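K.L.:
dropping a prediction and its sequence here:
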Amino acid sequence: MSPLLQTRGLSRSFGGLRAVDSVDFSLNEGEIRAIIGPNGAGKTTFVSLVCGRIAPSAGTILFEGVDVTRLPAHQRVKRGIAYTFQITSIFANLSVFDNVALAAQRRLIDHAERGGSRFSPADLRRGVASALERVGLADRAEQAAGKLAYGHQRLLEVAMGLALEPRLLILDEPTQGLSDAEIDGFIALVRDIARTATVLLIEHNMPVVMALADRITVMNNGAVLAEGTPAEIRADSAVQHAYLGTPDDD
Ligand SMILES: Nc1ncnc2c1ncn2[C@@H]1O[C@H](COP(=O)(O)OP(=O)(O)OP(=O)(O)O)[C@@H](O)[C@H]1O
């Protein structure tokens, strides 16, 4: 089986700093993959290259075997790559419902343009309601998005990503600002998402990573330091040294 996503020699420098340094990466369809690593390791830069928010200095990105390295971000979204944008992508004055509707509308219009069923407002409402239900924000649909607590804004971004019905959903630190109970709900949500999409998760919360990831990629100084199952990563002494502390820390 060819991988859903593959990068070869992917690099990005900022001035003299190699934020992402010749990364060869491969992700199979249906996987939940976590990317971990210390602050500044290059995780966000790496996924920003994958989704097309920033351009690489060198290297290639293949999605479903097709070279998407030069495609603009919106074309990658059409192909099924969704990134839960940082909080800045939320329209604070619009309702929670309308924020998700903007994302869902884009997918339905794309679908209609490709010769699929005609755009229908009823489909739109259903898609939005379902995405909000899945992330647990259905009862806040009418609130202004800017009034949501930080953690709930992160969940709103996940709902916006889900409304795109992606093949690959990239989640960048989604549990930041969530309570313990909400984190439990989030773990169940990601397992549910993984039934229909491949998940690439940047996450600092180790119990969340260990609970969810099929495999873990550890980045350090822009490069891949290690890759393996949660058990392999826990046992890797270089990883413990760079990042995890002692194996019993969590
Ligand atoms: N736009 C930019 N201009 C200059 N330097 C940048 C830019 N974006 C990232 N960097 C630098 O690139 C390096 C990697 O940053 P990146 O945000 O990808 O790391 P990260 O692993 O996601 O860190 P964190 O866990 O703190 O989010 C850092 O040294 C950062 O300061």
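P.N.:
Yes, it's here.

K.L.:
my guess is residue 227 contacts residue 220, does it?
P.N.:
No - if you go by CB atoms under 8 Å, residue 227 and residue 220 don't touch, sitting 12.0 Å apart. Every residue, glycine included, has its C-beta placed from N, CA and C.

K.L.:
what about the closest residue to residue 91 other than its chain neighbours, distance to residue 37?
P.N.:
Distances taken as CB to CB, 6 or more residues apart in numbering place residue 99 nearest to residue 91, at 5.7 Å, with adjacent residues excluded. Using CB to CB, to the nearest Å, one obtains 30 Å as the distance from residue 99 to residue 37.

K.L.:
now do residue 236
P.N.:
Taking CB to CB, one finds residue 236 at 13 Å from residue 37.

K.L.:
any shared contact partners between the two?
P.N.:
Shared contacts of residue 236 and residue 37 (CB atoms under 8 Å, 6 or more residues apart in numbering): residue 218.

K.L.:
please identify which of the two sits among more neighbours.
P.N.:
residue 37 (25 against 20; other CB atoms under 10 Å).

K.L.:
burial count for residue 66?
P.N.:
For residue 66, the count of nearby residues is 10 (other CB under 10 Å).

K.L.:
beta partners of it?
P.N.:
Partner residues in beta bridges with residue 66, using DSSP bridges, are residue 63.

K.L.:
my guess is residue 197 meets residue 169, correct?
P.N.:
Yes - counting by CB under 8 Å, residue 197 does reach residue 169; the two are 4.8 Å apart.

K.L.:
looking at these two, which is more packed in?
P.N.:
It is residue 169, of residue 197 and residue 169, that has more neighbours when counted by other CB under 10 Å, with 26 against 23.

K.L.:
check which helix or strand covers that one.
P.N.:
Assigned by DSSP states H and E, residue 169 belongs to strand 168-172.

K.L.:
list the strands paired with that strand, with their directions.
P.N.:
Strand 168-172 pairs in its sheet with strand 81-83 (parallel), strand 198-202 (parallel), by DSSP bridges.

K.L.:
let me see the contact set for the residue nearest in space to the middle of the chain.
P.N.:
Nearest residue to the geometric centre of the chain (CA atoms, centre = their mean): residue 170, 1.4 Å. Residue 170 makes contact with 47, 50, 51, 81, 82, 83, 84, 161, 200, 201, 202, according to CB under 8 Å, 6+ apart.

K.L.:
mind putting those residues in a markdown table, neighbour count included?
P.N.:
Shown next, in a markdown table, are the contacts of residue 170 (neighbours: other CB atoms under 10 Å):
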| residue | neighbour count |
| --- | --- |
| 47 | 21 |
| 50 | 23 |
| 51 | 21 |
| 81 | 28 |
| 82 | 24 |
| 83 | 25 |
| 84 | 25 |
| 161 | 25 |
| 200 | 26 |
| 201 | 25 |
| 202 | 22 |
